[in-house]
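J.: can you look at this prediction? I've put the sequence above it.
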Amino acid sequence: MLKSEKMSRMTISGHKKDLADLSKLLNDQNLVHVVDYNNEDDGFSLGKSLNYGEKSSDFLVKLRSVIKLLEVESSPPSTIKLDSEIESEISELDEIISQAHDFKEKERDCDRRIDEVSNSIEQLKEFEEFNIDVKYLSGYSSVAVFAGHLPSDSDSSSLASNKNIDFIQKEDNVVVFCASEISAEIEKDLLNIGFRSMDIPEGEGLPKVMLTSLSSQLLKLEHEKAGLQQEIEILATRHGDWLVACEEHYAALSEKSSLPLKLATSENMFVLDGWVPSDSVSDLQQSLQGLDIYYEVDNNSSDEPPIKLDNPEVAKPFELFTKLYSTPKHWEYDPTMIIFITYPLFFGLMVGDAGYGFAYILFGHYILTKFAHNEALANLGKILRTAGIYTFLFGTFIYAEAFGQSFYNIGNTLGYTSALFAKYYGPSFDIPLIEKAEGFSWHLPIHKFDPHGAQLMLLSSILIGVIHISLGLILGFLNEWKHHDLKHAIYAKLSFFMILWGGLLSLVSLVGLLPESFQTIGLVVMLTGLGLAIIGEGVVGLLEFPTIFSNVISYARIGAIGLSDYGLAYTVNFISFSLLWPSGPAGIIAAVFVMLIGHLTVFTLGIIGTGINSLRLQYVEFFTKFVQGGGTLYSPFGYIRKYTKEKEVTP
Amino acid sequence: MNGKKNLYILAAMFFVALLTMPAVSADEHADNEDTVKAAEATSKGYIAIGAALAVGLAGIGTGLAQSNIGSAAIGAVAEDDKNFTNGLIFTAIPETIVIFGLVISALIIFVL
């Protein structure tokens, strides 16, 4: 939890001939994080990939190109293939590739012809009204032909009455025949009345007749293209899973063969420098016994180890957010566990609606099952599901509402007003600061439509902010203390902690919740903190002084987004039930439509807006207090197969 | 240019709305119940306008700042996915402005 796993440094050396065995062993163990050799020592150079590497990469290139060509999407693994099966079947690959290329080539050819035909159709359409065989429109030596478009308001009477030319006009289009000698003059006249020339189509026959034949040709070509696309699709479905499995097998082989590329090698020897989780060292030692190699383990290396985040299974998906920010250094606290608690908490507080919460649980679960083979998406699904559970719980017990309708209102309509459907339930409690009306006492649920509820939401958001930021500052203090010294920690973190709490103390006593003397105490604490910050960080400390308060105020978004999400959902319900529903059957249809679109919008906004805002609070307000990051993520050598498996070698 | 013109029209409409609000002086006929009621209603209206202005103008400010940062961030992410987090953080920075506006408007409504 909170700390990354302890790593031990391991160096392995041996004869090059054993590299293939070592690579297989390390690949199967999937434990050693190999540090790339930087090629800086005399007498050592980077190794060359193992003998089967080149062949695997060749297959890999071919496989990836055909997967792209056929647009194969990887689906969850259904059957696991053995590597020996793949190796015996791979000879069929060339056949599939040539088929795929063949179909694609034909498709491209089809596309080209479709383009040509549709261009001709476009051209001919302009001449559709003319009763002239197309072959007479071109190919003269002493006659010039102009064909083009004339604006409908242009005055063409003088040209039409010119005896030396043939002037044929159909609607806005004209064709003009004239002797070559006078063509320049005629062209000028035409341009003067706004003539725009068009390309003269080629071919033979009346435009109308040609159009009919071209259209049927186009239809035939499109049919042909659809057929080809279907063929490609069939090819992709028939071989898709096999191709994905092959791709994985050869990617795994290719990675396995690349081990020497990371090592320092001399003429006969190799040296591997890597890291192993300290807990797994003995396992690895045991399996290394069979090999003729020499290794050393250093449990207290002063170098920076790679980071293997160590969190319980339920919190693992949230490592995604930590990694997205930056991998923490080995001496830093890993914030994953805290995000695991606070991210869904903020999300739940913001949306706080049983209906949407349930929808998020279902949607998260859907993503998880649909994209189980894609780790990042599956993790997002799990995160959304957890957030949905919090949303559902808050929505049911704290806010008592579903899809923007409070249970109380729903209960009133249904005639059921006890338990959760009552206006208030549970014991009463007291909230300072918020003015309450005569005879009013606080009970659950918190109604968002009630000004008191809104005030309480904003106030508690700020309180959550103070706690969250204080936690960040405490972790930051411990980080600094461990990495630098106590003095640094006091200047950089304790100072701001004092500013925050000093300011808070005087504010709380200012509004009368604490004795008046706390105003001075708070002020002194705050100014001492400010002094420490200025000593430690100079002018920067002075400049950063207000940011700690703006950070706290920033948490007001938890309440604000909660209120606005509720407002949106409420409006949707109001429009559909109160405005549209009573106005007859058409109104009911419109109401259902508005309700679907509206709630879908709020649902999506919940994921985008609320999800991002909850994350933003973590990144901007919380992480900046203690996470610097920049560590290297632990990625052990070895390929984890999903679609294939290596045959067990029985000893 | 069009945007600026729209802004002027909006501002003009706003001031017209302000001027047409029934301004009532309560000093002479303080005993007149209707006048007092009207004065209360007017002051409530002004409070609402103030609160709306606080959050609305802060929102415009945030929008202006985020539009530039957001487009730059999208550009950076398009170039390299690793910039996503930094892009998100930079885009989120001016968001605090609108929260300030919101807090002030909440204070206006709840305290005044």
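T.: Ah, there it is. Quick caveat, the model's predicted, so the values are computed rather than measured. Numbers count the residues shown, from 1 in each chain, chains lettered A, B, ... in the order given.

J.: any idea which element residue A:169 lies in?
T.: strand A:166-170 (DSSP states H and E).

J.: what comes up buried for that strand?
T.: By 16 or more other CB atoms under 10 Å in any protein chain shown, the buried positions in strand A:166-170 come out as residue A:167. Every residue, glycine included, has its C-beta placed from N, CA and C.

J.: now do it: which elements does it pack against?
T.: Applying 3 or more CB pairs under 8 Å, 6 or more residues apart in numbering or on different chains; DSSP states H and E, one finds that strand A:166-170 contacts helix A:157-160, strand A:173-179.

J.: in its sheet, which strands sit next to that strand, and in what direction?
T.: If you go by DSSP bridges, strand A:166-170 pairs up with strand A:173-179 (antiparallel).

J.: so what's the residue of chain B found nearest chain A closest to, chain neighbours aside?
T.: Across chain B, the shortest distance to chain A (CB to the nearest CB) belongs to residue B:92, at 4.3 Å. Leaving aside its sequence neighbours, residue B:92 sits nearest to residue A:616 (CB to CB, 6 or more residues apart in numbering or on different chains; 4.3 Å).

J.: quick one: name whatever helix or strand follows the host helix or strand of the one you found.
T.: For residue A:616, the host element (DSSP H and E) is helix A:611-616. Per DSSP H and E, the first helix or strand lying C-terminal to helix A:611-616 is strand A:644-645.

J.: can you tell me which residues contact the residue nearest to residue B:92?
T.: Shown in contact with residue A:616 (CB atoms under 8 Å, 6 or more residues apart in numbering or on different chains): B:88-89, B:92, B:95.

J.: Throw the residues you listed into JSON lines and include pLDDT and distance to residue A:400, thanks.
T.: Formatted as JSON lines, the contacts of residue A:616 follow (pLDDT from 0 to 100; distance: CB to CB, whole Å):
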{"residue": "B:88", "pLDDT": "83", "distance to residue A:400": "33"}
{"residue": "B:89", "pLDDT": "81", "distance to residue A:400": "35"}
{"residue": "B:92", "pLDDT": "81", "distance to residue A:400": "31"}
{"residue": "B:95", "pLDDT": "83", "distance to residue A:400": "30"}
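
J.: what subset of those residues is buried?
T.: Applying 16+ other CB under 10 Å to the contacts of residue A:616 flags B:88-89, B:92, B:95 as buried.

J.: from those residues, pick the one nearest residue B:101.
T.: For the buried ones among the contacts of residue A:616, the residue nearest residue B:101 by CB to CB is residue B:95; the value is 10.8 Å.

J.: need the pLDDT of the nearest residue to the closest one once chain neighbours are set aside.
T.: Sequence neighbours aside, residue B:62 is the residue nearest to residue B:95 in space, at 5.9 Å (criterion: CB to CB, 6+ apart). pLDDT for residue B:62: 92.

J.: what about residue B:62, how many residues nearby?
T.: Residue neighbour count, defined by other CB atoms under 10 Å in any protein chain shown, stands at 19 for residue B:62.

J.: what about it, distance to residue A:557?
T.: As for residue B:62, its distance to residue A:557 is 12 Å (criterion: CB to CB, to the nearest Å).

J.: any residues in contact with both of those two?
T.: With CB under 8 Å, 6+ apart, residue B:62 and residue A:557 have common neighbours residue B:95.

J.: check the stretch 151-300 of chain A for the residue nearest chain B and tell me.
T.: In the stretch 151-300 of chain A, the residue that lies nearest chain B is residue A:251 (20.7 Å; CB to the nearest CB).

J.: pull the contacting residues for that residue.
T.: Residue A:251 makes contacts with A:60, A:639, as judged by CB under 8 Å, 6+ apart.

J.: one more time with 6 Å
T.: By CB atoms under 6 Å, 6 or more residues apart in numbering or on different chains, no residues touch residue A:251.

J.: would it count as being in a strand?
T.: No - under DSSP: H, G, I helix; E, B strand; the rest coil, residue A:251 sits outside any strand and is assigned helix.

J.: relative to residue A:238, which of the helices and strands packed on strand A:166-170 is closest?
T.: Short answer: strand A:173-179, nearest of the helices and strands packed on strand A:166-170 by CB to CB, at 51.8 Å.

J.: got the buried residues for the closest one?
T.: Within strand A:173-179, the residues scored as buried using 16+ other CB under 10 Å are A:173-178.

J.: now those residues in JSON lines, with pLDDT?
T.: JSON lines is the format used below for the buried residues of strand A:173-179 (pLDDT from 0 to 100):
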{"residue": "A:173", "pLDDT": "83"}
{"residue": "A:174", "pLDDT": "84"}
{"residue": "A:175", "pLDDT": "85"}
{"residue": "A:176", "pLDDT": "85"}
{"residue": "A:177", "pLDDT": "86"}
{"residue": "A:178", "pLDDT": "85"}
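
J.: ok, the residues you listed vs residue B:18, which is closest?
T.: Of all the buried residues of strand A:173-179, residue B:18 sits closest to residue A:173, with 60.0 Å by CB to CB.

J.: any idea what the closest one is bridged to?
T.: Going by DSSP bridges, residue A:173 forms beta bridges with residue A:149, residue A:170.

J.: residue ranges with poor pLDDT in chain B?
T.: Across chain B, the ranges flagged by pLDDT under 70 are B:1-3, B:19-31.

J.: and it, which residues reach chain A?
T.: B:85, B:89, B:92, B:96, B:99, B:102-103, B:106, B:110 (CB under 6 Å from any CB of the partner chain).

J.: just the buried members of these?
T.: Buried subset of those (neighbour count, 16+ other CB under 10 Å): B:85, B:89, B:92, B:96, B:99, B:102-103, B:106.

J.: looking at those, which are in helices?
T.: Within these, residues falling in helices by DSSP state H are B:85, B:89, B:92, B:96, B:99, B:102-103, B:106.

J.: which residues does the residue nearest to residue B:95 contact?
T.: B:94-95, B:97-98.

J.: with distance to residue A:575 added, can I get these in CSV?
T.: Below are the contacts of residue B:62 laid out as CSV (distance: CB to CB, whole Å):
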residue, distance to residue A:575
B:94, 32
B:95, 29
B:97, 31
B:98, 26
